[in-house]
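>>> build me a structure from this.
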Amino acid sequence: MNTLQTENSLLNYDYTITSASNNEFVLSYEGRYFKIGEFMYQILREGQQAKYLEDLQARLGNVSLAGLKEIIDTKILPIFKTTESKASAAPDDGFWYKKQVLSSRQSTTLAKPLSFLFGKSFYFLFLLLTGVNIALYSRTHTIVANDDLPLGTEILTWVASYFSLFFIMFVHELGHTAAAYKSGINARSIGLGFYTIMPAMYTDLTDVWTVSKSNRIKINLAGIYIQLIINLGLVAALHTISNDFAQSFVWKIYIFNSILMVANLVPLLKLDGYWVLSDFLGVPNLIQTSNQLLLNAVTKKDPFEEEKPRDYSVKKILLIVYTLIRVSFIAFVTFMAFAFIYASILKTIALIRYIPYLSFNFETAIEVLKRIVTIVIISLFTRKYRKLFSNVILKRVKWYRA
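Numbers count the residues shown, from 1 in each chain. This next block holds a predicted model:
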């Protein structure tokens, strides 16, 4: 036996590799997926069989032993080690409440009857339904005979419409699950959470990276596709019912559903539209790539760095446009958030000052309730950032004391 043989460290890790299509290769480890190149795919595939690096190098045949060791030590092992450290850390995704409501088997069982909607004609039907919904929107408001209801009734329709969001989002997630099932994979679970006051449902589709790009885009659009169908049913209901309360209730659900669809399509947040654009451009970590592009543009280049030819590809141009729009969006949202908080604080202070002079009636109670709800929303929305700010202050205090 040759004692100089080098142990193959890849055997210490329980990973799987998949060829999603002819030119797409995926590494799976600890429940996380990574897109890899064909050569790394070959190394990882053969690395599951070879006991020593010398055997692995002989199997590959087109790389030196030193080069193979460098690739494993600098390219592959850091992925495994980083993944392990992230898996042990508690995720902070902005939810103050999060719970699984359906297992993989339960969600797949419920979604199976919808899988027929995601056949070969999906993209044509998606575009057709989008066009029909746009055409119907401009005419739908005139169907509502009376939306000037008494204040108490109006509040009741808003509350009822808010809770209807749970049903819409649940069916939205079933759409993702059904499209995944049609593509040959199962969702791992469906969960419910709250981000500030907004209910949010999510589907664990970690295994989506094992299917082709076309199927991934279909899966990402599947929830919106179901919502487009729901909107057609809501429009039909508005044409049928005549009761003012019912019309107002259905109209608000229609508006909520339409807003959710548009918001999901915007690729500036990690919603469905973001993943569609990410797959379309072939950039798995779109936000990180956008951040790096911005950082490269505003930082001084190393004078000793080798000059690279400028990239004028369509992909690079689209990335630049996406980055500019995203920076503008973040600046706008930040400004509007500060303006909302500032205006809310002023209104709350004014209300507190004038409470002794106000007669207590239904309208006053509603105004007080609105101020309380606004304060709760601001508190929940800024929870993550207040924690970050306090951590920075505490670190500074410790530094000064030291």
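
>>> so, low pLDDT: which residues of the stretch 151-300 of the chain?
151, 195-198, 300 (pLDDT under 70).

>>> helices along the stretch 301-402 of the chain, start to end?
Taking DSSP state H, counting those that start in this stretch as the criterion, the stretch 301-402 of the chain contains helices spanning 314-354, 362-381, 383-401.

>>> next, format those as a markdown table and append mean neighbour count and mean pLDDT.
Just so you know, the C-beta spots here come from the backbone N, C-alpha and C atoms, and that holds for glycine as well. Converted to a markdown table, these look like this (neighbours: other C-beta atoms under 10 Å; pLDDT from 0 to 100):
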| stretch | mean neighbour count | mean pLDDT |
| --- | --- | --- |
| helix 314-354 | 13 | 88 |
| helix 362-381 | 14 | 78 |
| helix 383-401 | 10 | 58 |
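
>>> in JSON lines: these, plus distance to E54.
Formatted as JSON lines, those follow (distance: least, C-beta to C-beta, whole Å):
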{"stretch": "helix 314-354", "distance to E54": "40"}
{"stretch": "helix 362-381", "distance to E54": "58"}
{"stretch": "helix 383-401", "distance to E54": "49"}
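
>>> and the helix or strand L192 falls within, what other elements does it pack with?
In this assignment (DSSP states H and E), L192 forms part of strand 189-195. On a contact count with 3 or more C-beta pairs under 8 Å, 6 or more residues apart in numbering; DSSP states H and E, strand 189-195 meets strand 97-103, helix 104-111, helix 151-182, strand 198-204.

>>> right, and the ones you listed - which one's nearest M261?
Across the helices and strands packed on strand 189-195, M261 has its closest neighbour in helix 151-182 (9.1 Å, C-beta to C-beta).

>>> chain center to that closest one: distance?
Distance of helix 151-182 from the chain centroid (C-alpha atoms, centre = their mean, to the nearest Å) equals 18 Å.

>>> strand 198-204 and that one, what's the angle between them?
10 degrees (axes from the mean of the first three to the mean of the last three C-alpha atoms, to 10 degrees).

>>> quick check: buried residues in helix 151-182?
For helix 151-182, the buried set under the neighbour-count rule, 16 or more other C-beta atoms under 10 Å, comprises 157, 161, 164-165, 168-182.

>>> helices and strands around that helix, which ones?
helix 104-111, strand 189-195, strand 198-204, helix 213-240, helix 244-265, helix 362-381.

>>> okay, the ones you listed in a markdown table with distance to S344 next?
Formatted as a markdown table, the entries for the helices and strands packed on helix 151-182 read as follows, by distance: least, C-beta to C-beta, whole Å:
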| stretch | distance to S344 |
| --- | --- |
| helix 104-111 | 39 |
| strand 189-195 | 19 |
| strand 198-204 | 17 |
| helix 213-240 | 31 |
| helix 244-265 | 21 |
| helix 362-381 | 5 |
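
>>> for these, which one sits closest to V314?
Distances from V314 to each of the helices and strands packed on helix 151-182 were compared using C-beta to C-beta; the minimum, 16.4 Å, belongs to helix 213-240.

>>> so T289 makes contact with I320?
No - under the criterion of C-beta atoms under 8 Å, T289 makes no contact with I320, lying 11.1 Å away.

>>> what residues does stretch 47-67 touch?
With C-beta atoms under 8 Å, 6 or more residues apart in numbering as the contact definition, stretch 47-67 has outside contacts at 5-8, 10-11, 42-43, 46, 68-69, 71-72.

>>> go again with 10 Å.
Contacting residues not belonging to stretch 47-67 are listed as 2, 4-11, 13-17, 39-40, 42-43, 45-46, 68-72, 76 [C-beta atoms under 10 Å, 6 or more residues apart in numbering].

>>> list only buried entries from those.
Under a neighbour-count criterion of 16+ other C-beta under 10 Å, the subset of the contacts of stretch 47-67 counted as buried comprises 8, 10, 13, 15, 17, 40, 42-43, 46, 68-69, 72, 76.

>>> switch those over to JSON lines; also include pLDDT.
Formatted as JSON lines, the entries for the buried ones among the contacts of stretch 47-67 read as follows, by pLDDT from 0 to 100:
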{"residue": "N8", "pLDDT": "87"}
{"residue": "L10", "pLDDT": "89"}
{"residue": "Y13", "pLDDT": "87"}
{"residue": "Y15", "pLDDT": "86"}
{"residue": "I17", "pLDDT": "83"}
{"residue": "M40", "pLDDT": "88"}
{"residue": "Q42", "pLDDT": "89"}
{"residue": "I43", "pLDDT": "90"}
{"residue": "E46", "pLDDT": "88"}
{"residue": "L68", "pLDDT": "87"}
{"residue": "K69", "pLDDT": "87"}
{"residue": "I72", "pLDDT": "89"}
{"residue": "I76", "pLDDT": "88"}
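
>>> quick check: the two most widely separated of these?
Across these, no pair lies farther apart than I17 and K69, at 19.6 Å, counting by C-beta to C-beta.

>>> how about the secondary structure of S19?
strand (DSSP: H, G, I helix; E, B strand; the rest coil).

>>> and it, how far is that from D73?
Here the criterion is C-beta to C-beta, to the nearest Å. By it, S19 lies 25 Å from D73.

>>> I345: which of the helices and strands packed on helix 151-182 is closest?
Shortest distance between I345 and those, using C-beta to C-beta, is found for helix 362-381: 8.4 Å.

>>> compute the inter-axis angle for the closest one and helix 314-354.
Going by the same axes, to 10 degrees, helix 362-381 makes 140 degrees with helix 314-354.

>>> distance from the chain centre to helix 362-381, please.
Using C-alpha atoms, centre = their mean, the mean C-alpha position of helix 362-381 is found 29 Å from that of the whole chain.

>>> how much does that helix deviate in direction from strand 189-195?
For helix 362-381 against strand 189-195, the angle between stretch directions is 120 degrees (the same axes, to 10 degrees).

>>> how far away is Y202 from A58?
Computed with C-beta to C-beta, the distance linking Y202 and A58 is 46 Å.

>>> ok, back up a step: take the buried ones among the contacts of stretch 47-67 and keep only those in helices.
Secondary structure defined by DSSP state H assigns 40, 42-43, 46, 68-69 of the buried ones among the contacts of stretch 47-67 to helices.

>>> let me know the closest of these to G282.
Top of the list for closeness to G282, among these and by C-beta to C-beta, is M40 at 16.6 Å.

>>> the closest one against I17, yeah?
Yes - between M40 and I17 there is a contact at 9.0 Å, judged by C-beta atoms under 10 Å.
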